[in-house]
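Peer 1: take this sequence and fold it.
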Amino acid sequence: MSGFLVATAVSFGVIFVAELGDKSQLMALTFATKFRALPVLIGITIATAIVHAVSVAVGYGLGATLPTGWIALVAAIAFLAFGAWTLRGDTLTDEERSKAEKTTKSAIVAASVAFFLAELGDKTMLATITLATQYGWFGTWLGSTIGMVAADALAIVVGRSLGRHLPEKAIKYGAAALFFIFGIWLLIDAIAELA
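Peer 2: Numbering: from 1, shown residues only. Got it, this is the predicted structure:
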């Protein structure tokens, strides 16, 4: 598989899993109860594309200037931390829930602004930065953006059609396990490169 396809596939998988049960997914569900799904998805896509473009620029810049062995070691530690963060769980604050429920602006603008602000410093942004240190920038950006939008679309569809959330424990443990697996994989690569 080419480097672009690997970057896209890995980024899609990591971010899709990281987004499951995340507060952004809860926001998507909340917005979808008030607005039609398509404008909410457009807003999510705009915000995600911007945040992940910034994330990839930061990660790719770091990858170009730092030795790859140390980057892999930092990435491994970051993924292990993301696994622990995922096990801890994520919830909407009362303020975030209120903004999602009470906005009267256009659904696209409201979703874009809310998601942009919610994603700054979130684990999916940090995961995208980490992925961009290891993989090509365009594939990482494309995969991470599509992965996040797909996970949020899943929340909207499942939430609206079934009227309930995805099983939180299964999602939490599955996502954490994948982060731990990626972390261990990167740690083995880092040790091999630094040895």
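Peer 1: just give me the residue right at the centre of the chain.
Peer 2: Centroid-nearest residue in the chain: T124, 3.0 Å away (criterion: Cα atoms, centre = their mean).
Peer 1: same for the strand or helix carrying T86, what does it pack against?
Peer 2: Applying DSSP states H and E as the criterion places T86 in helix 68-88. Of the remaining helices and strands, those touching helix 68-88 by 3 or more Cβ pairs under 8 Å, 6 or more residues apart in numbering; DSSP states H and E are helix 123-134, helix 168-194. To be clear about C-beta, it is placed using only N, CA and C from the backbone, and glycine gets the same treatment.
Peer 1: state the mean pLDDT of the longest one.
Peer 2: Across helix 168-194, pLDDT averages out at 75.
Peer 1: what's the angle from it to helix 68-88?
Peer 2: Per axes from the mean of the first three to the mean of the last three Cα atoms, to 10 degrees, the angle that helix 168-194 makes with helix 68-88 is 170 degrees.
Peer 1: now do helix 168-194: distance to the chain's middle.
Peer 2: 15 Å (Cα atoms, centre = their mean, to the nearest Å).
Peer 1: repeat for the first one
Peer 2: Taking the mean C-alpha point of helix 123-134 and that of its whole chain, the gap between them comes to 9 Å (Cα atoms, centre = their mean).
Peer 1: so what does the following helix or strand past that helix touch, helix or strand wise?
Peer 2: Sequence-wise, the next helix or strand downstream of helix 123-134 (DSSP H and E) is helix 137-162. Packed against helix 137-162 by the contact rule (3+ Cβ pairs under 8 Å, 6+ apart) you find helix 3-19, helix 23-34, helix 37-65, helix 123-134.
Peer 1: so G21, which state does it fall into?
Peer 2: Three-state assignment for G21 (DSSP: H, G, I helix; E, B strand; the rest coil): coil.
Peer 1: thought K172 was touching it, still the case?
Peer 2: Yes. G21 lies in contact with K172 (Cβ atoms under 8 Å); the separation is 5.6 Å.
Peer 1: more neighbours: which of these two?
Peer 2: G21 (26 against 17; other Cβ atoms under 10 Å).
Peer 1: over to that one: give its phi and psi.
Peer 2: Reported as degrees, to the nearest 10, the phi and psi values for G21 are phi 80, psi 0.
Peer 1: need the pLDDT of it.
Peer 2: 72.
Peer 1: next one: I15
Peer 2: So I15 comes in at 92 (pLDDT).
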